[in-house]
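# A predicted structure for the sequence below; I have some questions about it.
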Amino acid sequence: MNIFKRVYVFYRDGFRNMEVGKTLWLIILIKLAIIFLILRVFFFRPELSRYDTDSEKAEHVIENLTKQP
Amino acid sequence: MLLTSSLADASRLQFALTAMYHWLFVPLTLGLGILIAIFETKYYRSGDESWKKLTRFWSRIFAINFACGVATGIILEFEFGTNWSNYSWFVGDIFGAPLAIEGIFAFFLESTFFAVMYFGWDKVSKGFHLLSTWLTAIGANLSAYWILTANGWMQNPVGVEFNPLTARNEMVDFWSIVFSPTTLSKFSHSVMSGFLVAAIVVIAISCWYLKKQRNREFSLRSIKYATVFGLIAIFALMATGHTSAVTVARTQPMKLAAMEGLYRGENGTPFVGFAVLNPKKTFDNDEKPYLFNISVPKALSFMVDFDFNTFVPGISDIIEGGYTYKDANGVEKKALSFQEKVDRGNMARRALSLYAQYKDDQDTVKRNEILSQAKVYLDDNFEYFGYGFLKSPEESIPNVPVTFYSFRIMVMLGGYFILFLIVCWWLTKKKILEKKKWFIFFAILSVPLVYICAEAGWVVAEVGRQPWTIQDLLPIGASVSGVSSSNVWTTFIIFAVLFTTLLIAELKIAFNQIKKGPDGIKWN
């Protein structure tokens, strides 16, 4: 068996034989789905992503840092 | 745009919630990984199957904890970009480099060998499996190192040069960032606290088995090794706590003053063992700082400088300035007053403003002249840049009661754990531990206490450095983004509900596995 097949079988058997591990993976997947598909998409858009270039981002931050309150 | 305190407070609260949840899982991963590797090394050397059983059971607890904690840290990175965009931009590549190394190197090391550790029993050689277990444990601790490098830089920003054209800090000395005294003391102290958490958790679960009169040999052996591991950790914590205090005294004197509730320093400053703070005390009145206190004369001076007569400044001294202190490099300097720092911070901000205003000016001669002058002003005053945002001395003082009492909680619990572990070692040596029901009670009680201790340490570190996101360079008010505070509150509630639900589910799995015990588990 070549190395790739052996690695594949290693992981396949490992996952198949899991008991508690399956529940843990389910929790991890739910967590990642909420984090990346809901929170990241709807709530956590990087503030500076609305600017296209680094120079625009720099200008925005410099304006924030130099504007007198 | 400087934003309202409600947005800053919401963002801080959200970050605190996420970081504290994250730190519920990290310390056990750091310590238990090493303890499991030690158990497996015993198995590898002796071939004794009972060591294998020990290794596999604690690996299971490690895996559950790992699964609980995974991805909770990712949200912190989201928050940087969304809630703290000025800060994220301002830190430049300082955060990027350590976090990238953490992601590419340490986390890959950890997660790759984690699979071998779990799926590889009886499928790979004993030696390779042992190597995988050690690499998983080392990978977890290396991850912590790179994260704490980033955090250490925020507490003591060294090795960078500010570029006024981009408004970013640029790394000029990678090694001074990676090996700054703050990073080294933070890493060693945090990792040792993780080792202590692991030791206490192992002792407590094993004591629970003894209470239930099951898995006796397994439990006594686990307790024996965890006790020695815990004793090493607690004494290392004392040593690294001392080096942390020395570093804090030099780089964050206001934090040290808040930790001690110290308003007026003296040559030969006492260390406050326990005290009740006077709520009426402020930096500019003559009220006594404590309603009641037990102090050790001159001990604080000795702790931070190995000299019983060293002057340790209090909060009012730091506001007024004029005293002599040693900087991070041990060089003696005269302290500036709050107002002098504000003036220099304002000069730095004006210089940055001039830079922005004239960098594209068509008149080359005029532009070069103004920019070169502005650069001189900026470089000369940049170390106080953040003070330019502060309006009153009160803004430069962290929450004293929270910092003070958190520090006392951490230290007192540390004292309790020294006593607990010495008693545990003695009872184990005399082979009478299982007969001492009172000790078993304290062992189980110690699990929440050790987590409170670990979290209290972080509260001291993070609340004590307020108002700074980057010490002296950027206060929280100037770090936050222009997002709406209602948005931050919405995500705060989502996090609180999500994390708590997952925590309950995950704890249920962990308790279920503990109940099954080392004999009742189907492996994998």
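In hand now; what should we look at?
# and B:Leu28, what helix or strand is that in?
helix B:5-46 (DSSP states H and E).
# for the closest residue to chain A within the stretch 301-450 of chain B, the count of nearby residues, please.
Residue nearest to chain A within the stretch 301-450 of chain B: B:Ser353 (3.9 Å; Cβ to the nearest Cβ). Heads up, the C-betas are built off the backbone N, CA and C, glycines and all. If you count neighbours by other Cβ atoms under 10 Å in any protein chain shown, B:Ser353 ends up with 18.
# again, but for B:Lys52
With other Cβ under 10 Å as criterion, B:Lys52 counts 18.
# if we ignore the residues flanking it in sequence, what's nearest residue 44?
Since no chain was named, I'll use chain A. Nearest residue to A:Phe44 in three dimensions, chain neighbours excluded: B:Phe78, at 4.0 Å (Cβ to Cβ, 6 or more residues apart in numbering or on different chains).
# was after chain B, sorry
The spatial neighbour of B:Tyr44 that comes closest, neighbours along the chain excluded (Cβ to Cβ, 6+ apart), is B:Leu130 at 4.8 Å.
# which residues touch the one you found?
B:37, B:40-41, B:44 (Cβ atoms under 8 Å, 6 or more residues apart in numbering or on different chains).
# change it to 7 Å
Taking Cβ atoms under 7 Å, 6 or more residues apart in numbering or on different chains, we find B:Leu130 in contact with B:40-41, B:44.
# helix, strand or coil for B:Asn285?
Applying DSSP: H, G, I helix; E, B strand; the rest coil to B:Asn285 yields a three-state assignment of coil.
# show me the contacts for it.
With Cβ under 7 Å, 6+ apart, B:Asn285 has no contacts at all.
# report how many residues lie close to B:Phe78.
With other Cβ under 10 Å as criterion, B:Phe78 counts 19.
# so what's it up against?
Applying Cβ under 7 Å, 6+ apart to B:Phe78 gives the contacts A:39-40, A:44.
# just the element for it, please.
Assigned by DSSP H and E, B:Phe78 falls in helix B:74-83.
# contacts for whichever helix or strand comes after that helix, please.
Next along the chain after helix B:74-83, taking DSSP H and E as the criterion, comes helix B:85-90. The contact list for helix B:85-90 (Cβ under 7 Å, 6+ apart) reads A:46-48, A:57, A:61, A:64-65, B:80-81, B:167-169, B:469, B:474, B:478-481.
# may I see the PyMOL selection of the buried members of these?
This is the PyMOL syntax for the buried subset of the contacts of helix B:85-90, where burial follows 16 or more other Cβ atoms under 10 Å in any protein chain shown:
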select buried, (chain A and resi 47+48+57+61+64+65) or (chain B and resi 80+81+167+168+169+469+474+478+479+480+481)
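# let me know the pLDDT of the residue lying farthest from the centre of chain B.
The C-alpha centroid of chain B is most remote from B:Asp363, which lies 49.8 Å away (Cα atoms, centre = their mean). With respect to pLDDT, B:Asp363 scores 88.
# ok, it - contacts?
B:Asp363 neighbours (Cβ under 7 Å, 6+ apart): none.
# backbone phi and psi for it, please?
phi -80, psi 100 (degrees, to the nearest 10).
# where's it relative to B:Tyr451, distance?
63 Å (Cβ to Cβ, to the nearest Å).
# pLDDT averaged over the helix holding B:Leu28 - what is it?
Mean predicted confidence for helix B:5-46 is 91.
# next SSE after that helix?
Trace forward from helix B:5-46 with DSSP H and E and the next one is helix B:49-69.
# list the buried residues of that following helix.
In helix B:49-69, counting by 16+ other Cβ under 10 Å, buried: B:51-69.
# any weak-confidence spans in the stretch 401-524 of chain B?
B:520-524 (pLDDT under 70).
# could you redo the last one with a cut-off of 80?
Flagging of the stretch 401-524 of chain B using pLDDT under 80 yields the residue ranges B:481-485, B:520-524.
# residues in contact with A:Val20?
Neighbouring residues of A:Val20 by Cβ under 7 Å, 6+ apart: B:509, B:513.
# again but with B:Lys211, I slipped
Contacts of B:Lys211 by Cβ under 7 Å, 6+ apart are B:Ile440.
# quick check: it vs chain A, distance?
To chain A, B:Lys211 is 24 Å away according to Cβ to the nearest Cβ, to the nearest Å.
# pLDDT value on that residue, please?
According to the model, B:Lys211 carries a pLDDT of 95.
# for the helix or strand hosting B:Arg349, packing partners?
Per DSSP H and E, B:Arg349 falls inside helix B:338-358. Here helix B:338-358 touches helix A:54-66, helix B:364-381, going by 3 or more Cβ pairs under 7 Å, 6 or more residues apart in numbering or on different chains; DSSP states H and E.
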